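Give me coordinates for this.
(one chain, ligands or ions: 1)
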Amino acid sequence: MLRKSLLNIGLRVSRQQHEGIHRVTAGLNPGNHGKIHRRDVSSTPATVMGDNVKIKTMDELGGPSFMTTLNWLFLKGYFQTTQQLQIEHSKIYGPLWKSKYGPLVVVNVASAELIEQVLRQEGRLPVRSDMPHWRSYRELRNQAHGPLTEMGANWQRIRSILNPRMLKPKHVSSYANTINGVVTDFIDRVAWLRETSGQGVMVNDLTGELYKFAFEGICSVLFETRMGCMNNVVPEETQKFIFSVGEMFRLSPMIVLFPKAVWPYMPFWKQFVAAWDNLFRVAEELVKQKMEEIQGKVNLDQNVEGAYLTHLLLSDQMTVTEILGSITELLLAGVDTTSNTISWSLYLMAQEPEIQEQLYQEVISVCPGDKVPNNDDIAQMPYLKAIIRETLRLYPVVPGNARVTVENEIVVGDHLFPKNTLFHLCHYAVSYDENIFPDPHTFLPQRWLRGAEEKSKHHPFGSVPFGFGIRACLGRRVAELEMYLLLSRLIKQYEIRPDPAGTTVLPVTRTLLCPAKPINLQFLDRRVEQEQPRKAAGVSL
Ligand code: HEM
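You can find the predicted model right below:
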């Protein structure tokens, strides 16, 4: 078995070394930090090091006890900033350490090389984590799993059905017009917010506003229906869904701290179940409406065609319960992710007028006058893409991802891990590794531009915001399209400036990385305010 796992990662091991369990990894030495690139692990034959390096077991791996972890989380106050805890613990324990999180034993991985090793050995049917709390809800209510929570062959089947219309460029580009309609509504809402509650210039709680944009965006793609999320009066169902996504993510890390047997007695669990009930209920209502719409057309002998959900319902590849499980998960994955990322990118650009100006120049050179950017235009905006890339490095919406090695025991660094080890991939810590990203705390979109000297140094696993391999983000292409279209049009119309109150907003982790408090920014209409700077009451420009 050991031999099998070594061969899996392309290692050459002599019989003597194997039998003596003496070996070391193929260029997998954590000391090589920042220098090994993709091909080193996958295709270059291994360098077998001397007998003096001994493979270690998982038991020999160091790390904090559960009590120490609790101390960090609750006495030192890192429960809400576990992204920062990745950095603190990697300083103490190095790039690989073991910790206990309630009943879970977790192996933390905080270097690009070691993350690469884990991901390249994820197997044919990768498992992110078994997500016992998310899965328990589905068992409790007899609901189906979607792509986020399903595992094994059924996960593969679901992905093979959902992938084409979410990831194939030809399908994704067909959503551009729909999404542009949602962007238009958001821009109108910005104008309305400035006038009604922003003293003519401010947009307060931008992230809250962007949740509505993201929900409307993903609904418009999945259901081809507009929800009216950006109307002056936001529909109650929309607000409930958005609130429940936030609640579910907020409560998740608390629940898994406790053994499953006590969940039914915890108030958190009841709130968690209530949040999932809301998510499934709203999704069910939307699926039902679509089914009725299709039935109505069939009754009238009309042609039934449509994009995402219509296709799923008509193609007969999934049961309605399965469709509901998948649609619910797509909706919830599509709200906080894009909205937090757009919020951070605007927050960062507000502080960097030169970067913002460079983006503005790029956008107006590709889309002069009133031209609205479309898919082809976006392809000509490398700086726009670099801004999103750099935003996701500084604020990776999934600050820590996971993998469970369900197929084999694997070697990572100089340790051998048994089957079913849960690895926590500390992407946030690696994003700030100065060996990979010099000047890591600075917002430097140019480091992602082709030909930039900086770029050539990046380890390919230094920043992997959408994950890796066949289990990577299903919504990536749609998310990127939403973010590019919105950001390009916002910057074309508005100059963004910081909150005059000088508020600094830090990130917190509630499963996802979110702003700890509302982001408020000034939106100056370029067509008006740049010619006649206006001084709104109490707001200094
Ligand atoms: C900025 C936007 C987004 C980011 C950074 C992001 C990031 C991620 C990451 C890191 C994963 C885990 C991948 C892995 O384990 O390798 C993931 C999974 C997933 N994402 Fe996204 N995501 C974003 C937007 C979206 C959107 C808009 C949707 C829905 C349309 C979506 C749907 C999903 C789903 C369904 C999965 C689970 C895939 C699976 O397990 O097979 N994501 N995302």
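
need the residues of the stretch 1-150 of the chain near the ligand, please.
128, 147-148 (C-beta under 6 Å from any ligand atom). To be clear about C-beta, it is placed using only N, CA and C from the backbone, and glycine gets the same treatment.

Likewise for the stretch 401-541 of the chain?
So far as C-beta under 6 Å from any ligand atom goes, the stretch 401-541 of the chain lies against the ligand at 401, 465-468, 471-475, 478-479.

Let me know the next secondary structure element after the helix or strand harbouring residue 177.
Assigned by DSSP states H and E, residue 177 falls within helix 176-197. The helix or strand immediately downstream of helix 176-197 is strand 202-203, counting by DSSP H and E.

Would you mind pulling the contact partners of that following strand?
Residues outside strand 202-203 that contact it (C-beta atoms under 8 Å, 6 or more residues apart in numbering): 190, 193-194, 209, 499, 520-523, 536, 539.

circling back: contacting residues around the helix holding residue 177?
Contacts of helix 176-197 with the rest of the structure, by C-beta under 8 Å, 6+ apart, involve 200-204, 209-210, 212-213, 216-217, 220-221, 224, 226, 230, 232, 372, 374-375, 481-482, 485-486, 489-490, 493-494, 523, 525.

So which of the residues of the stretch 1-150 of the chain next to the ligand belong to strands?
Using DSSP state E, no member of these falls in strands.

can you pick the most crowded of the residues you listed?
Neighbour counts for these (other C-beta atoms under 10 Å) peak at residue 147, which has 21 neighbours.

that older thread, show me the two of the residues of the stretch 401-541 of the chain next to the ligand that sit farthest apart.
Maximum pairwise distance among these (C-beta to C-beta): 19.4 Å, between 401 and 478.

pLDDT on the helix ranked longest in the chain, on average?
Counting by DSSP state H, the longest helix found in the chain is helix 267-299. For helix 267-299, mean pLDDT rounds to 93.

and the next element down the chain from it?
helix 308-315.

Just the buried residues of that next one, please?
308-310, 312-313 (16 or more other C-beta atoms under 10 Å).

what angle do that helix and helix 267-299 make?
Using axes from the mean of the first three to the mean of the last three C-alpha atoms, to 10 degrees, the inter-axis angle of helix 308-315 relative to helix 267-299 is 70 degrees.

what's in contact with helix 308-315?
Counting by C-beta under 8 Å, 6+ apart, 161-162, 165-166, 221-224, 287, 290-291, 294, 304, 306, 318, 320, 323, 326-327 sit against helix 308-315.

same for whatever helix or strand comes next after that helix, what does it pack against?
Using DSSP H and E, the next helix or strand after helix 308-315 towards the C-terminus is helix 320-333. Other helices and strands packing on helix 320-333, by 3 or more C-beta pairs under 8 Å, 6 or more residues apart in numbering; DSSP states H and E, are helix 152-167, helix 206-223, helix 236-255, helix 267-299, helix 308-315.

what's residue 355 in contact with, if anything?
Contacts of residue 355 by C-beta under 8 Å, 6+ apart are 348-349, 387, 443, 445.

For residue 72, the count of nearby residues, please.
18.

One more: residue 291?
If you count neighbours by other C-beta under 10 Å, residue 291 ends up with 15.

OK, contacts around it?
313, 320 are the contacts of residue 291 under C-beta under 8 Å, 6+ apart.

Would you check that residue 434 makes contact with residue 440?
Yes: Residue 434 lies in contact with residue 440 (C-beta atoms under 8 Å); the separation is 5.0 Å.

Of the two, which one has the most company?
Comparing residue 434 with residue 440 by other C-beta under 10 Å, the one with more neighbours is residue 440, at 16 against 10.

In what element of secondary structure is the more buried one found?
Using DSSP H and E, no helix or strand contains residue 440.

That one and residue 404, how far apart?
29 Å (C-beta to C-beta, to the nearest Å).

Residue 273 too?
Using C-beta to C-beta, residue 273 is found at 24 Å from residue 404.

Ok, residue 352 next?
40 Å.

try residue 350
Residue 350 is 40 Å from residue 404, by C-beta to C-beta.

cool, residue 457 as well?
Distance from residue 457 to residue 404, counting by C-beta to C-beta: 32 Å.

how far does whichever helix or strand residue 478 is part of sit from the chain's center?
Here residue 478, judged by DSSP H and E, is contained in helix 476-493. Centre-to-centre, helix 476-493 and its host chain are 16 Å apart (C-alpha atoms, centre = their mean, to the nearest Å).

tell me the angle of that helix relative to helix 206-223?
Going by the same axes, to 10 degrees, helix 476-493 makes 130 degrees with helix 206-223.

and helix 476-493, C-alpha only, in CSV?
Provided in CSV are the C-alpha atoms of helix 476-493 (Å, rounded to 0.1, in the frame of the first residue of the first chain):
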residue,chain,number,x,y,z
ARG,A,476,-16.1,29.9,-11.8
ARG,A,477,-16.9,31.1,-15.3
VAL,A,478,-20.3,32.6,-14.4
ALA,A,479,-18.7,34.3,-11.3
GLU,A,480,-15.9,35.7,-13.4
LEU,A,481,-18.4,37.0,-16.0
GLU,A,482,-20.5,38.6,-13.4
MET,A,483,-17.5,40.3,-11.7
TYR,A,484,-15.9,41.5,-15.0
LEU,A,485,-19.1,42.9,-16.4
LEU,A,486,-20.1,44.7,-13.2
LEU,A,487,-16.7,46.1,-12.4
SER,A,488,-16.0,47.4,-15.9
ARG,A,489,-19.3,49.2,-16.0
LEU,A,490,-19.1,50.6,-12.5
ILE,A,491,-15.7,52.0,-13.2
LYS,A,492,-16.8,53.4,-16.5
GLN,A,493,-19.5,55.4,-14.8
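
Use 52 as the first number for this chain going forward.
New numbering, starting at 52: the last item is helix 527-544.

Averaged pLDDT, that helix. What do you get?
pLDDT averaged over helix 527-544 gives 97.

hang on, the earlier thing: nearest to residue 389 among the buried residues of helix 359-366?
residue 359 (16.5 Å).

And the pLDDT at the closest one?
Value listed for residue 359 in the pLDDT field: 86.

what does residue 294 give?
Taking residue 294 on its own, its pLDDT is 95.

quick one: it and the ligand, what's the gap?
18 Å (C-beta to the nearest ligand atom, to the nearest Å).

residue contacts, that residue?
residue 329.

what about 7 Å?
With C-beta atoms under 7 Å, 6 or more residues apart in numbering as the criterion, no residue contacts residue 294.

Residue 303 too?
Per C-beta under 7 Å, 6+ apart, neighbours of residue 303: 184, 562.

Now do the buried residues in stretch 481-500.
The neighbour-count check on stretch 481-500 (16+ other C-beta under 10 Å) flags 481-484, 487-488, 491, 494-496, 498-499 as buried.

next one: stretch 416-436
Neighbour-count burial for stretch 416-436, counted by 16+ other C-beta under 10 Å, picks out 417-418, 424, 426, 428-429, 432-436.

how about that stretch against the ligand, any contact?
No: using C-beta under 6 Å from any ligand atom, stretch 416-436 stays clear of the ligand, coming no nearer than 12.6 Å.

for stretch 206-221, same thing?
Yes: for stretch 206-221, a contact with the ligand is found by C-beta under 6 Å from any ligand atom, at residue 210.

got a list of contacts for that stretch?
Contacts of stretch 206-221 (C-beta under 7 Å, 6+ apart): 176, 197-198, 201, 222, 358-359, 362, 368-369, 377, 525-526, 528-529.

Contact partners for the closest residue in space to residue 329 that isn't next to it in sequence?
Spatially, and ignoring its direct neighbours in sequence, residue 329 is nearest to residue 295 (4.0 Å; C-beta to C-beta, 6 or more residues apart in numbering). Contacts of residue 295 were listed using C-beta under 7 Å, 6+ apart, and they are 326, 329-330.

What is the nearest of those to the ligand?
Nearest to the ligand among the contacts of residue 295, counting by C-beta to the nearest ligand atom, is residue 330 at 13.4 Å.

That closest one: how many residues sit nearby?
22.
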